[in-house]
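Participant: Sequence and predicted structure, then a few things I'm wondering about:
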Amino acid sequence: MLKWIVAIFEGRSAVEKRRDNPLLATTVAKSAEIYERLHLSQFIDADSSDHLARQFFVEIDTVCNAAEPLPAIRGKLAEAMLRFALYQTLMIGSEFDEDPAELRDCAGISGELAEYTDRLARKNIGLRADMHESENYTDDGDVWSIVTTEFWTSYWFLETLNAARKALDDVVTDDDWYRPFMHAACANQESLYRIDLDLPPAFDPDIAHDAAAAYSIFADIVISGAGDPLAEWRDYHAGTPIPEPGQCEKNSDPVN
C-alpha cells in the first residue's frame, strides 16, 4: 500500500466530507492495487510514485465529488485514454513480448512503430509537446525511457479512472465497452502517427480512411453519455466492412 493513501485519509480536517465519499475511497484503494498489479515500482521510483499519486488524487477527488460524477468520470476517462494511446501504440513491437495492453493482434495495430519513436518525438504535435514538458528530455537524449515512463504512468491513471467507472456500475455486463474503446483509440492514434511518418495505413487500404474516422468517434460516444458506447458505435456502422473495435485475435485484459 502506498504511503500517500495513509497520508490522505488519516486524521480529520475541513475536507472530511469529501474524503468520506465512498466512491472516492473505493477508487483510491483500487488505484493502489493497480499500482502493484502493474509492477510500476520497476518503472517509477518511490518519490515519483508518491508525487504522481497526489496529482492523481486531486483529479480523482474532483470527478468523484462532482455534482454528477458519471459524466465527469466519462470525460476524464476519454481524455486519459487518448493520452494513453500516444504511448501504448509505441510500446508494441516484435522485441516487446509483453505487449502491455495486449493489442498487437487488433485491426489497425501493426506493432511496427516502436522503431520510429525518435522521429515521432520530433514530428507529432502531441508527443513532441509531452517530450518538451519532460525535465529529462534533450534533442539527442533517450526518448525511449521517457516514452516508457509516460506509458506506465498514463496506464495507471487510466485504470484508476476505469475503477471509478466500475464503482459507479457504468459497466455493460456481457460485452463491456472499455477494451473496445482502448483498441479504437490506439488504432486511431496509429493512423495519425502513420500520417506523420508518411507510412501506408495499418488498416486494409480499402477501408483505411473510413476505419480511422469510425474509430475516432468512439471517444465522442463515450463523452456523450451513451449507456452502451459499443452498442451505439455498432449502430452507426452497421453494414459496413469496418471491423468492430475489440474484436481482436488476442483480447484478454491483463489488468482487470
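Facilitator: Yep, it's here.
Participant: Run through the helices of the stretch 51-200 of the chain in chain order.
Facilitator: For the stretch 51-200 of the chain, the helices defined by DSSP state H, counting those that start in this stretch occupy 69-91, 117-123, 125-133, 143-167, 178-197.
Participant: Now the second one: average pLDDT?
Facilitator: Helix 117-123 shows an average pLDDT of 88 in the prediction.
Participant: Just name whatever secondary elements it is in contact with.
Facilitator: With contacts taken as 3 or more Cβ pairs under 8 Å, 6 or more residues apart in numbering; DSSP states H and E, helix 117-123 sits against helix 125-133, helix 143-167, helix 178-197. C-betas here are computed from N, CA, C, even on glycine.
Participant: one step back: export the helices of the stretch 51-200 of the chain as a markdown table, with columns for distance to Ile242 and mean neighbour count.
Facilitator: As requested, the helices of the stretch 51-200 of the chain are arranged in a markdown table below (distance: least, Cβ to Cβ, whole Å; neighbours: other Cβ atoms under 10 Å):
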| stretch | distance to Ile242 | mean neighbour count |
| --- | --- | --- |
| helix 69-91 | 18 | 22 |
| helix 117-123 | 25 | 17 |
| helix 125-133 | 24 | 15 |
| helix 143-167 | 24 | 21 |
| helix 178-197 | 10 | 24 |
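Participant: which one of these lies closest to Arg234?
Facilitator: Counting by Cβ to Cβ, Arg234 lies closest to helix 178-197 out of those; the figure is 9.8 Å.
Participant: contact partners of the very next helix or strand once past the closest one?
Facilitator: Toward the C-terminus, helix 178-197 is succeeded by helix 208-216 as the next helix or strand (DSSP states H and E). Applying Cβ atoms under 8 Å, 6 or more residues apart in numbering, the contact partners of helix 208-216 are 107-108, 183-185, 187-188, 191, 201-204, 233, 236-237, 240, 242-243, 245.
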